[in-house]
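> This is the structure alone, sequence omitted:
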């Protein structure tokens, strides 16, 4: 389970390593362009039922921590789905990885 630390928020955001690797690519791309946007996710097992949203801005400190020492193999389709979401008025929504074609 990876962790996203954002600003001075006392509660880190837990995201599975593979998903976090994909989210990192999208977030880094948008922030490098100076774009602000929201990131939303549903709470996982062991957390209070519901969902959360944070406003991401280039001036706010951000750190990605991965449990796995090796980087995940990235899926272009998943990055595109996340990027399309991030570019929408609803912001970046942590969505499941699209099924591979032919599956």
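Cool, the structure landed. Being a predicted model, the structure only gives us computed values, none of them experimental.
> So which residues of this protein form helices?
Along the chain, counting by DSSP state H, helices occupy 17-32, 76-86.
> which parts of the last one are buried?
By that I understand helix 76-86. 78, 79, 81, 82, 83, 85, 86 (16 or more other CB atoms under 10 Å). Quick note: C-beta positions are derived from backbone N, CA and C, even for glycine.
> what's the answer for stretch 44-59, then?
54, 56.
> what does it contact?
6, 9, 13-14, 27, 30-31, 34-43, 62, 91-92 (CB atoms under 8 Å, 6 or more residues apart in numbering).
> make it 7 Å
By CB atoms under 7 Å, 6 or more residues apart in numbering, the list of residues contacting stretch 44-59 from outside reads 6, 14, 27, 31, 34, 36-43.
> do the same with stretch 76-87
Stretch 76-87 has contacts (CB under 7 Å, 6+ apart) with 22, 23, 25, 26, 30, 37, 92, 93, 95, 97, 98.
> on that earlier part again, may I see the helices of the chain organised as JSON lines, with distance to residue 68 and mean pLDDT added?
Supplementary listing: the helices of the chain in JSON lines, determined by distance: least, CB to CB, whole Å; pLDDT from 0 to 100:
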{"stretch": "helix 17-32", "distance to residue 68": "5", "mean pLDDT": "96"}
{"stretch": "helix 76-86", "distance to residue 68": "17", "mean pLDDT": "95"}
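> so can I have TSV of those showing distance to residue 67?
Output for the helices of the chain, formatted as TSV (distance: least, CB to CB, whole Å):
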stretch	distance to residue 67
helix 17-32	6
helix 76-86	19
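> Tell me which of the ones you listed sits nearest to residue 2.
Between residue 2 and those, the shortest gap by CB to CB is with helix 17-32, which sits at 3.7 Å.
> now for that closest one, which elements pack on it?
Under the contact criterion of 3 or more CB pairs under 7 Å, 6 or more residues apart in numbering; DSSP states H and E, helix 17-32 touches strand 2-6, helix 76-86.
> quick check: angle from the last one to helix 17-32?
The one in question is helix 76-86. Angle between the axes of helix 76-86 and helix 17-32 is 50 degrees (criterion: axes from the mean of the first three to the mean of the last three CA atoms, to 10 degrees).
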